[in-house]
Structure formats: C-alpha cells, structure tokens
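Asker: Give me a 3D structure for the following:
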Amino acid sequence: MESQDHDGADVPFRLRGEVDDKPCVFDLKLGEYRVGSSSGSDLRLRQPGVSRQHALLVVQAEGLVVEDRGSRNGTFVDGRKIQRAAATGGTELRFGPVSLVLESLAEEEGTLAISLDPSKSGIDTRSPSSSLWPEVTALQSSRSSASADATSLRLVDEIGSALAGGDLEAGLRCLGETLHLRGCCFVELPKSGPPIVRSSWGLIPDSPPRDAFDPPTGFGSGARVGLGSPGVGCGDPGNRPRIVVARDHRGSTTALVLWGWDDEPPGEPVILRILARSFSSAPSAARGKNPEQVPKTARRPPLDFPPGYVEGSSPPLLTLYRQLERLAPRDLPILLTGPTGVGKGVVAAVLHRSSPRVGKPLIAVNCAALPGELLEAELFGIGKGVATGVEARQGHFSRAQGGTLFLDEIAELPLALQAKLLRALEEKEIQPLGAPAIKIDIRILAATNADLRQRVREGTFRQDLYFRLAGYVLEIPPLSDCREDLPRLAEHFLRRFAEQESLYPQGLSLGALRQLVSYSWPGNIRELEHEMRRLVLRSSPGQILDSSLLSSEIRKAPGAASPPISAGSTGSLGLKQRLEALEESLIQEALEAADGVQLHAAQALGISRNGLARRLKRLGQR
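Answerer: Below is the predicted model:
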C-alpha cells in the first residue's frame, strides 16, 4: 500500500486480516484508497475472486465509507452486500473472498513515537517524518508542528554520526552549516560561575555571561528543554543564544546551544534527531577531545561500555555511573545486587573494561549452572592423571590470571565449595584437583538477586565469605526506576531485531510507548528485550507497532495516568459507556489542570488540538 500525504491526524483506522493465509495489516490515513487485484490498487489483494477494481474506501476522521466498483463477487459490510455503506471500528469488510476487520485507532496509536529507518520500512520517504523523541520531550507532546524532509534527515544522521564518534568540532560544523547558524557549541553550566564552552563552531562569545542563557526554573536538575520553550533565548535570535536541550550528565549540566539563524528556527524533529544520536556520547567525548579545558578536579577516566550498550540518563543510572567511575580503578571485591534481568553481567563488564586489568581476561562463571562436584573442577582445575585418561585442565581461576573473575548467582554456591572459595580468596592461591597449589592475582566480582544476609541468617551462606565478597555492595536499579531511559532502550532493541530478522516495521506508536513506560517490568531489561523481539516478529513491513501488538500482561497493566473506574461510579454501564466515562474524566482533568486552555490540555493528553475538539463535540461539550 502506498501512503498518501494528508493534513491532520495520521492513521485513524486499520484493516487487519489474512490474505493467502498470511497476516495482513493496512494502516489507513485520511483520503481515498482503491481496493483490487490490479497493480495500481492502493490496497492490492491478489486473490482469486477479487476484481481488478473491486471497491473504493473513503477514510474520514469520524468513519469510513465503502463503495463497490462493480465487482464480480461483491463487497460486503458485516455480511451484507452493499453498493455504498458507512463503516466504523469493529466492522467486518469483505471483498469477494477476502475478509478484513476495520479497527478504529486512538489518535496516539497512529502517531509515531519511535521511527525506524525509512529506507527499509516501505515508507514513502518524500512524506514528512512524524518521528518524536520522547526521551527529550518527556512524552508531553504527541506530535511536532514542524517536520523535515528526507534530505535533512540524512544530513542529521551525518551530524549525529560525527558527534557520536567523538569528533565534536566536525559535528558542530556540520550542524551549523546545515541549519545556517552563526555559531553553536556544547556548553557546561556549573552550579556557580560562568559557563564553560567544551567545543564550538562559528561565532560565539569567548566567555558568555551566565545570564545570557536565561535558563528556565529547574534547568540545573536534568531538565529537558524543547526549542522555543518559554524563557529560553527570548531576545533577538541573532544576538542571544538558544538553548535547544540540556540535561545532567553524570552530575554536570551540559547544553547544546545555537547562536542565530538566517531563516526560520529549525524544526524540532531535526534538532531532536541530532540530540538523540549525540547527547549520550558528546559530553564524555568532549572530556577526551579537550582535556585542557576540563578542570583537573573533574578529570577521571571515562567508563568503557561494552559494544551495543545504551547509556542511560535517568538519575539512578547517573548515580550508578558515578559509583562505577570510583570503583573501576580499584581492586576491592564488589558484590552486585539487584533483581533478575537488570544487567549485572554488563555492569561487571564495565568494571573490568574500565579497570587497569582491561588487558587481561574477564571470565564469567554461573554458579547455578553446574552441580557442586563439577563446579569445583571448573573453578580450580584438574591435574593430569587424577583419573585414568584425564588430561590437565585449567580452571576459571587460572584462566582469569591477572584479570577479573565474575561469579554470577553466587548465592547458589554449595556450602562445601564456599569454604574452598573462601580459602582461595584469603590465601590468594588455588588447589587444583590432583595438582600443586597455584598463586593467583585476580579481581573478584560477584552477583546475586537473592538476599545474601538472609541466607547467612538461614545458615545457607557463610558469613565470612559474604564479608570477603562484599568489599563494596553495588545495587543495580531496576528498569521501573529508570523509566525515562526506556524509549531509547526500546528503539535500540527494535532496530537491532529489525536488522537481524530483516523485518522493517515503520516504528512504534505513541500509545504503545506509553503502555511500555507505565508497565512495571518485573523482568527488567531482559524482559523489555524479549518484548521488542516479539514485536518485530509479529510485524509487517511498514506497519506501525501499536499497543494491540503488545503482550497481554503489558496491555492489561494499569496506565500511570489512567484513574480506575469503580463499579460505584459506573453502575451497570457497558464497555462503551465505561470507556466514554473514562475519556470524559481524563479530558476534564486535563482541562482543569490547563485552566481551560484546550491547546495545553490536548498536549497533556497526547492528542492534537483538533482531536480534543472532536472528542468534546462527541461528548456534548464545547
């Protein structure tokens, strides 16, 4: 199906069914669609019994009109043969033998929150991009008023690649020339004193006064500021800087600042695409590229994350990164705690890669994967001839010599083996089975999702071993505490699995993203990763991944902003009446919070101003 450009809401309806025993999904924007088996059809159904020019669909905001075009086998609406008829959500449409169900989408289900690569999704790249970056806008807006064409987006990707690669000067130069700026820079705003320019291009003041930025309240505590926000760069754009976005990065507030433009201010989607690619790496890259500009007290080796790691910006993760920076250069044993799926193995890799032992091996052992009698040989090794035909084999301790040994699921280590592990750590030597003792020089990292102190009280874990392992206890935050990082993680996994499976959906809807953010994620990042893989595997090329494709436990989870509907408040109302009552309640709350300003209420609800007006009219309000 070829998409058509329309004003207003993007995808109000969807047709879903099976063609040739394969799932088939058509997203319908406002406009007309020709249905038939010919190659010129907008909805091409290559099935026996479907005429070349079978029917015409006219999609309107309030519903859909179906018109038969003289087909041989007829067009049906809910089993009734028609010449022309109206259809709404839940209606079955049949074109000859092909049956499709019309789904009415909430406006946010047709709005992209995360857009995947247009060149591989079947999207018409000439049409405007509706991609949003909720990481920056905090899910407060359902769409941007400005858009950029495909050429601009390709330039944005070049800029982002340069910035992500650490070449800040080249990235800023490309940014300035593309957007016709007088100057731009990455600037750090200390709690006191003048701003510090980390990297710049074009004409900017050598030491701009702090009040030139006029940051809004809360700017220094990780605020994300969109282009054109109140109180930011309110003077002549040619003479005053414009803070496009700012955030705390490991304790220091860093901002991307623009000076002047020749034409209109650049559209938000362009700017946000740049920031999403660059902001996670630019501050650390700035430290590496311009060491003379960084105060000596702030110098510290940057953390070395494994390939594919998505660096977060939520307060719990920023705190974790600061702890890792302090702990990585030291040799003390660390106990990593936290629920399953939070990435304790990844944190162990970061500690090793960022330590002086980085040139030596990192050996990971799952203490729950093998029975105790085999685990001892795996840990300490076996000497030659200990039994008939047995060859000498190195244990994990010997393989990790000079490096790091990561003992995962340490709570599952048998008591008998705990004593031998304690001796090895205290004496710094191991005793392979049937071989002489070997001196060891390794760093120990251990991890568990159990309460080891409780295990000590129960007598299933040695107290002396606990204190030997817990030189520092580092708790890894669950995903539910880092919700603002979820959009970036979701996009990362979607892109990875789309490439792996060669399935290229159009992207993730705003409604689906809201449900992902409001879900509790008991399985943490591992559960999110599996969910994104399932989404990709269930998708069709060019399809918007909406909330209907999410797992049932996520769809059933209560939304963070959705008040419960009590039986007392709804009496014996049916589903439709309950939904209308909930919708009316949410709209009233938004209007009261916005002091009656419908534009602000619509933004809070994540819908357009026209969408709110239509809902108010349907509910009998003005």
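Asker: What are the buried residues along stretch 77-89?
Answerer: Of all the residues in stretch 77-89, those buried under the rule 16 or more other C-beta atoms under 10 Å are Val77, Ile82, Ala85, Ala87. Any C-beta I mention is one placed from the backbone N, CA and C, and that applies to glycine too.
Asker: Quick one: those residues as TSV, columns for secondary structure too.
Answerer: Output for the buried residues of stretch 77-89, formatted as TSV (DSSP: H, G, I helix; E, B strand; the rest coil):
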residue	secondary structure
Val77	strand
Ile82	strand
Ala85	strand
Ala87	strand
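Asker: quick one: which of the residues you listed is nearest Arg399?
Answerer: Ala87 (66.3 Å; C-beta to C-beta).
Asker: Greatest separation within the buried residues of stretch 77-89: which pair is it?
Answerer: Ile82 and Ala87 (9.3 Å).
Asker: what touches both of those two?
Answerer: Val66 (C-beta atoms under 8 Å, 6 or more residues apart in numbering).
Asker: Helix or strand for Arg94, just tell me which one.
Answerer: strand 92-95 (DSSP states H and E).
Asker: Mind giving me the packing neighbours of the helix or strand just after that strand?
Answerer: Downstream of strand 92-95, the first helix or strand assigned by DSSP H and E is strand 98-104. With contacts taken as 3 or more C-beta pairs under 8 Å, 6 or more residues apart in numbering; DSSP states H and E, strand 98-104 sits against strand 13-19, strand 92-95.
Asker: wait, isn't Leu102 in contact with Phe13?
Answerer: Yes: taking contacts as C-beta atoms under 8 Å, Leu102 lies within contact range of Phe13: 6.0 Å.
Asker: Return every residue with contacts to both of these two.
Answerer: In contact with both Leu102 and Phe13: Leu64, Gly89, using C-beta under 8 Å, 6+ apart.
Asker: Look at Tyr309 and say how many residues are nearby.
Answerer: Tyr309 is flanked by 15 other residues according to other C-beta atoms under 10 Å.
Asker: cool, Ala377 as well?
Answerer: 16.
Asker: got the contact list for it?
Answerer: Ala377 touches Arg393, Gly395, Leu433, counting by C-beta under 8 Å, 6+ apart.
Asker: make it 7 Å
Answerer: Going by C-beta atoms under 7 Å, 6 or more residues apart in numbering, Ala377 touches Gly395, Leu433.
Asker: a strand runs through it, doesn't it?
Answerer: No: Ala377 is assigned helix when assessed by three-state DSSP, not a strand.
Asker: So which residues of the stretch 301-450 of the chain form helices?
Answerer: 315-327, 344-353, 372-380, 396-399, 415-427 (DSSP state H, counting those that start in this stretch).
Asker: How about the stretch 1-150 of the chain?
Answerer: Going by DSSP H, counting those that start in this stretch, the stretch 1-150 of the chain shows helices at 134-137, 150-164.
Asker: worst average pLDDT in those?
Answerer: Lowest mean pLDDT within those: helix 134-137, at a mean of 31.
Asker: circling back: now, of the helices and strands packed on strand 98-104, which is deepest in the fold?
Answerer: Among the helices and strands packed on strand 98-104, ranked by average contacts under mean count of other C-beta atoms under 10 Å, first place goes to strand 92-95 (a mean of 21).
Asker: Spatially, what comes nearest to Ile363 if we skip its sequence neighbours?
Answerer: Ala400 (4.1 Å; C-beta to C-beta, 6 or more residues apart in numbering).
Asker: so the one you found makes contact with Ile442?
Answerer: Yes: using C-beta atoms under 7 Å, Ala400 makes contact with Ile442 at a distance of 4.8 Å.
Asker: And the pLDDT for Leu168?
Answerer: 71.
Asker: host element of the residue nearest to it when sequence neighbours are not counted?
Answerer: Spatial nearest neighbour of Leu168, excluding adjacent residues (C-beta to C-beta, 6+ apart): Ser199 at 3.8 Å. Assigned by DSSP H and E, Ser199 belongs to strand 196-202.
Asker: got the CA coordinates for that strand in PDB?
Answerer: Presented in PDB, the C-alpha positions along strand 196-202 are these (Å, rounded to 0.1, in the frame of the first residue of the first chain):
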ATOM      1  CA  ILE A 196      32.500  26.500  30.200                       C
ATOM      2  CA  VAL A 197      32.500  26.100  26.400                       C
ATOM      3  CA  ARG A 198      33.600  22.500  25.700                       C
ATOM      4  CA  SER A 199      33.600  22.600  21.900                       C
ATOM      5  CA  SER A 200      32.300  25.200  19.500                       C
ATOM      6  CA  TRP A 201      31.900  26.300  15.800                       C
ATOM      7  CA  GLY A 202      31.300  29.700  14.300                       C
END
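Asker: start at 18 instead
Answerer: Will do, 18 is the new start, and the previous item becomes strand 213-219.
Asker: Parallel or antiparallel, which strands does it pair with?
Answerer: Sheet pairing for strand 213-219, assigned by DSSP bridges, gives strand 198-206 (antiparallel).
Asker: what mean pLDDT would you report for the partner strand?
Answerer: 76.
Asker: Then stretch 503-522?
Answerer: Stretch 503-522 comes out at a mean pLDDT of 90.
Asker: in it, what's buried?
Answerer: So, applying 16+ other C-beta under 10 Å, buried residues of stretch 503-522: 503-512, 514-515, 520-522.
Asker: Can you tell me the closest non-neighbouring residue to Glu518?
Answerer: Val553 (5.7 Å).
Asker: Would you mind measuring from that neighbour to His509?
Answerer: Going from Val553 to His509 by C-beta to C-beta, to the nearest Å gives 12 Å.
Asker: Next: Gly360.
Answerer: With C-beta to C-beta as the criterion, Gly360 and His509 are 13 Å apart.
Asker: before we move on, back to that, does the residue nearest to Leu185 really touch Glu186, like I thought?
Answerer: Yes: counting by C-beta under 7 Å, Ser216 touches Glu186, with 5.9 Å between them.
Asker: So Trp276 is in contact with Arg199, correct?
Answerer: Yes: if you go by C-beta under 7 Å, Trp276 and Arg199 touch, sitting 4.7 Å apart.
Asker: more neighbours, the two?
Answerer: Per other C-beta under 10 Å, whichever of Trp276 and Arg199 has more neighbours is Trp276, with 24 against 18.
Asker: how far away is the more buried one from Pro212?
Answerer: 13 Å.
Asker: Next: Ala574.
Answerer: Taken as C-beta to C-beta, the span from Ala574 to Pro212 is 43 Å.
Asker: These two: which is more packed in?
Answerer: Higher neighbour count among Ala574 and Pro212: Pro212, with 21 against 16, using other C-beta under 10 Å.
Asker: Report the separation between the nearest residue to that one once chain neighbours are set aside and Ala272.
Answerer: Closest residue to Pro212 apart from its sequence neighbours, by C-beta to C-beta, 6+ apart: Val204 at 4.8 Å. Applying C-beta to C-beta, the value for Val204 to Ala272 is 5 Å.
Asker: same check, this time on Leu129
Answerer: In terms of C-beta to C-beta, Leu129 sits 27 Å off from Ala272.
Asker: try Pro324
Answerer: Distance of Pro324 to Ala272, computed by C-beta to C-beta: 28 Å.
Asker: Tell me which of the two has more neighbours.
Answerer: Per other C-beta under 10 Å, whichever of Pro324 and Ala272 has more neighbours is Ala272, with 23 against 4.
Asker: residues touching the closest residue to Ser217 other than its chain neighbours, list them.
Answerer: Take Ser217 and drop its neighbours on the chain: the residue closest to it by C-beta to C-beta, 6+ apart is Cys202, 3.6 Å away. By C-beta under 7 Å, 6+ apart, the contact list for Cys202 reads Leu189, Val214, Ser216, Ser217, Ile221, Val274.
Asker: Show me the beta-bridge partners of the last one.
Answerer: Here Val274 sits in beta bridges with Cys202, Ile260, going by DSSP bridges.
Asker: can you tell me how far it sits from Cys202?
Answerer: Distance from Val274 to Cys202, by C-beta to C-beta: 5 Å.
Asker: what do you get for the third one?
Answerer: Distance from Ser216 to Cys202, counting by C-beta to C-beta: 6 Å.
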